[in-house]
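# for reference, the sequence and a predicted model appear below.
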Amino acid sequence: MKVAIVGQQDFGKSVLEAFLERGDTVAGVFCAPEKPGARPDALKTAAEAKGVKVFQFASLKSDEAKAAMQALNVDLGIMAFVLQFAPQDFVNIPRLGTIQYHPSLLPKYRGPSSINWPIIRGEAKTGLTIFRPTDGLDEGPVVLQKETAIGPDDTLGTVYFDRLFPMGVAAMLEAADLVYAGRHRELTQDESQASYEGWCRKAEARIQWANHVDFIYNQIRGCNPAPGAWTTLAGSELQIFDARKIPVRTFGAVRGKIGEVVEAGADSFQVTAQGGRIEVLRAKLGDGKKLAAGELLASGAIKPGAILGG
């Protein structure tokens, strides 16, 4: 089939390569312009290296963007990790329309941080959806869905890079084949089950040590590696990445104040929360690098009795 890919970064690059590797024609790639000083987009770089036309429009609503898509005369539009708004008079130009990837089980977790939030909320599963884009945010008919479990110690990184990324590339190919062959079904999303979550950014990633240890652990997992759950230590920002949850039943009773570093070993330190402790294994203090907790302890930056978040 002949397709146009709209997307960006590594996921868009992998989708481009997957279609090319199996012999499809990619007539053109649309990706957002880079911000001044930013590295070239991975999708753009890969497309140029393979001799594929690249278009970078500030808006896909522009007449120029629509004319470019029209001139490609493709069978199907493929939207892979798209942050630009794509209007109906753009996505409907390909002969068979356009399909889009979203990393959640729509209609749940519509929005831009749809991988972070299921982990933060303590969900036991998530997945991906290939759907028809409409002018509503992630609201179009569903073509294909795939589920994956969220393990009790999974992080944003493991869920995305180990599963939703490779599953998503394969699902885009599968959905494209179904649409091209006319064998797909389109299921309207159930609005009664819909949920929308905004960005998971720095404000959402701040740890409140008075929260229950279960919530804090899920927050750390859902923000690892980005945006990075954080607290403060003597006025400096301390980002926490790899960690473990220690329920109160493990050691008998909660000791120390909320947010207090109550134990420090060779490789980790433990912080008191409601109902247990968080054992920190890897963190970043101030403008430093991500370090194993043992290195921070060895430097003297963190000591038992310190209060985090105060």
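Yep, that arrived.
# mind listing the helices in the chain by residue range?
For the chain, applying DSSP state H gives helices covering 9-21, 42-49, 63-72, 88-91, 116-120, 156-157, 165-181, 213-222, 293-299.
# now Ala306: closest residue in space that isn't a chain neighbour?
Excluding the flanking residues, the one nearest Ala306 by CB to CB, 6 or more residues apart in numbering is Val261, at 4.6 Å. Using the backbone N, CA and C atoms, a C-beta is placed for each residue, glycine as well.
# which residue, other than its chain neighbours, is closest to Tyr160?
Ile115 (5.3 Å).
# who are the contact partners of that neighbour?
By CB atoms under 8 Å, 6 or more residues apart in numbering, the contact list for Ile115 reads Pro103, Ser104, Thr126, Leu156, Val159, Tyr160, Leu164.
# so which of those residues comes closest to Val271?
Taking CB to CB as the measure, Val271 lies nearest Leu156 of those, at 20.7 Å.
# count the neighbours of the closest one for me.
24 (other CB atoms under 10 Å).
# that one: what's it in contact with?
Ile115, Asn116, Ile119, Arg221, Gly222, Cys223, Asn224, Pro225, Ala226.
# tell me the buried residues within these.
Ile115, Asn116, Ile119, Arg221, Gly222, Cys223, Asn224 (16 or more other CB atoms under 10 Å).
# quick one: the residues you listed as a markdown table, columns for pLDDT and distance to Thr232 too.
Shown next, in a markdown table, are the buried ones among the contacts of Leu156 (pLDDT from 0 to 100; distance: CB to CB, whole Å):
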| residue | pLDDT | distance to Thr232 |
| --- | --- | --- |
| Ile115 | 98 | 26 |
| Asn116 | 98 | 21 |
| Ile119 | 98 | 23 |
| Arg221 | 98 | 20 |
| Gly222 | 98 | 20 |
| Cys223 | 98 | 16 |
| Asn224 | 98 | 18 |
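# relative to Ala283, which of the residues you listed is nearest.
Asn224 (10.8 Å).
# that closest one and Gly256, how far apart?
24 Å (CB to CB, to the nearest Å).
# count residues in the vicinity of Asp153, would you?
12.
# so what's Leu72 closest to, chain neighbours aside?
Closest to Leu72 by CB to CB, 6+ apart is Ala27, at 4.2 Å.
# cool, and Gln208?
Here the residue nearest Gln208, using CB to CB, 6+ apart, is Gly309, at 7.1 Å.
# Gly259 is in contact with that neighbour, correct?
Yes: because the distance of 4.6 Å satisfies CB atoms under 8 Å, Gly309 is recorded as touching Gly259.
# any residues in contact with both of those two?
Counting by CB under 8 Å, 6+ apart, the residues touching both Gly309 and Gly259 are Trp209, Thr231.
# nearest residue to the middle of this structure?
Ile115 (4.7 Å; CA atoms, centre = their mean).
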